[in-house]
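Asker: Dropping the sequence and predicted coords here.
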Amino acid sequence: PGLSSLDVDFYWYKNNGAIYLNSENSVLSSEGVIKKDLQINSLNADFYVYSQSPYSEGKQKAQGVEEWIIKGENMLFDSDGITLKPQFKLNATSGLMSIYADISPMALKGVSDLFPSFGMGKNTYNYLTRAFYGDGIIESARILWHGKPTAFPFEDNSGIFQAFVNIKDADFLFAPNWPALNELDLSLYFVNNALVMESPTAKLGEMQISNMSASIPSFKPSERLLIYANGTGTGEALTQLMMDSSIKRSLGKILDKDVQVSGPLSADIKLDIPLKGKDVIASGTAHLSNNPVYITSTDMLFDNASG
């Protein structure tokens, strides 16, 4: 990556230095790190470089050993795509890096342009790019990193990467041949090489969804997205949802033509979605409470069916 315009002030005295960066109305070239270049409104950062002696296990400074530290303060990155205020520290000798950043509210549309495909894996990157297709607002977001970049995803517990994203009123297309989740309030938690999503409320067709949880256990090429949710609605709404899904020729056909359920009901839903491919595995349970059930093949109507 590179900037089209950058002002730099550099100061050095003995083993201490200061670097002051400023850039306005410039272009950040992404060079494939993210999908597109960013128009920079304002970039400011103060970096301080100094050496220090590391501490031994007894909290005593090690003699004859110096480590070089780079610390960032007063940092602001304001662009057309994202605005964040990070804090930064790097041990240039050991490679240990610490970053914390608050991200200002922003529109969800176009956020996939900021996804780093190299860290998420191709399938996860493509899936999330396709899934977040509509409106919505990122109300808040935070990023924490502590560890050596070369050790990611920290399978040896030598570091931690966490990101929290709070999304309001979003659209989420979780599978190509299913209706999208609408009016979705969603919290995303990235933890090292995994993603967890939780939502208290959403709409799936005419079904009201609550207590939704989803996870991608690991960003591997063969990984799957697992979704668990509760739904409330009517038998007619559940039938229409199945008819609009990839299982319309099986369960959808049964509910539409053979076993017709009417009236209010609730359902537990589980979806197993491959990040690469279209073979969604759907399962769940519909809970009836005094519902009319009509069996078309025998022309029989059961009133007050429960179970």
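Answerer: Received the coordinates, thanks. Numbers count the residues shown, from 1 in each chain.
Asker: can you map out the strands along the stretch 51-200 of the chain?
Answerer: Assigned by DSSP state E, counting those that start in this stretch, the stretch 51-200 of the chain shows strands spanning 67-79, 83-91, 97-103, 106-107, 137-147, 160-172, 181-191, 194-204.
Asker: buried residues in the helix or strand just after the last one?
Answerer: Meaning strand 194-204. In the C-terminal direction, the helix or strand that comes right after strand 194-204 (DSSP states H and E) is strand 207-216. Buried residues in strand 207-216, defined by neighbour count with 16 or more other Cβ atoms under 10 Å: 207-209, 212, 214-216. Quick note: C-beta positions are derived from backbone N, CA and C, even for glycine.
Asker: Out of the residues you listed, which two sit at the greatest distance?
Answerer: 208 and 216 (24.9 Å; Cβ to Cβ).
Asker: Out of the strands of the stretch 51-200 of the chain, flag the one nearest residue 8.
Answerer: Going by Cβ to Cβ, the one of the strands of the stretch 51-200 of the chain nearest residue 8 is strand 67-79, 14.0 Å.
Asker: What strands line up against the closest one, and which way round?
Answerer: Partners of strand 67-79 in the sheet, by DSSP bridges, are strand 38-52 (antiparallel), strand 83-91 (antiparallel).
Asker: Pull the residues that contact the longest one.
Answerer: Right, strand 38-52. 3, 6, 15-28, 30, 66-82 (Cβ atoms under 8 Å, 6 or more residues apart in numbering).
Asker: That strand: which residues count as buried?
Answerer: Buried residues in strand 38-52 (16+ other Cβ under 10 Å): 38, 40, 43, 45, 47-49.
Asker: Not counting sequence-adjacent ones, nearest residue to the residue nearest the centre of the chain?
Answerer: The chain has residue 188 as the residue nearest its centroid, 4.8 Å off, counting by Cα atoms, centre = their mean. Spatial nearest neighbour of residue 188, excluding adjacent residues (Cβ to Cβ, 6 or more residues apart in numbering): residue 165 at 4.2 Å.
Asker: and what of residue 247?
Answerer: Nearest one to residue 247, counting by Cβ to Cβ, 6+ apart, is residue 282 at 5.6 Å.
Asker: burial count for the one you found?
Answerer: 18 (other Cβ atoms under 10 Å).
Asker: That one: what secondary structure?
Answerer: Assigned by DSSP: H, G, I helix; E, B strand; the rest coil, the conformation of residue 282 is strand.
Asker: Report the beta-bridge partner residues of it.
Answerer: Bridge pairing for residue 282 - DSSP bridges - gives residue 271.
Asker: check contacts around it.
Answerer: Residue 282 neighbours (Cβ under 8 Å, 6+ apart): 245-247, 251, 269-272.
Asker: Show the average pLDDT along stretch 44-56.
Answerer: For stretch 44-56, mean pLDDT is 84.
Asker: Measure how far it is from the centre of its chain, please.
Answerer: Its chain's C-alpha centre lies 32 Å from the corresponding centre of stretch 44-56 when counted by Cα atoms, centre = their mean, to the nearest Å.
Asker: can I get the CA coordinates of it in CSV?
Answerer: Below are the C-alpha coordinates for stretch 44-56, written out as CSV (Å, rounded to 0.1, in the frame of the first residue of the first chain):
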residue,chain,number,x,y,z
ASN,A,44,-2.5,12.0,11.3
ALA,A,45,-0.1,10.0,13.4
ASP,A,46,2.8,10.6,15.8
PHE,A,47,5.3,7.8,16.1
TYR,A,48,8.0,7.6,18.8
VAL,A,49,11.0,5.3,18.4
TYR,A,50,13.1,4.4,21.4
SER,A,51,15.2,1.5,22.8
GLN,A,52,14.6,-0.2,26.1
SER,A,53,16.1,-3.2,28.0
PRO,A,54,13.7,-6.1,28.3
TYR,A,55,12.8,-7.4,31.7
SER,A,56,13.7,-10.9,32.9
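Asker: tell me which residues in stretch 89-105 are buried?
Answerer: 89-91, 96-99, 101, 103.
Asker: now do the same end-to-end measure for it.
Answerer: 25 Å (Cα to Cα, to the nearest Å).
Asker: So which residues make contact with it?
Answerer: So stretch 89-105 is contacted by 66-72, 82-88, 137-150 (Cβ under 8 Å, 6+ apart).
Asker: go again using 6 Å as the cut-off
Answerer: 67-71, 83-88, 139, 141-146, 148 (Cβ atoms under 6 Å, 6 or more residues apart in numbering).
Asker: buried subset of the residues you listed?
Answerer: Among the contacts of stretch 89-105, those buried by neighbour count (16+ other Cβ under 10 Å) are 69-70, 83-84, 86, 88, 141, 143, 145-146.
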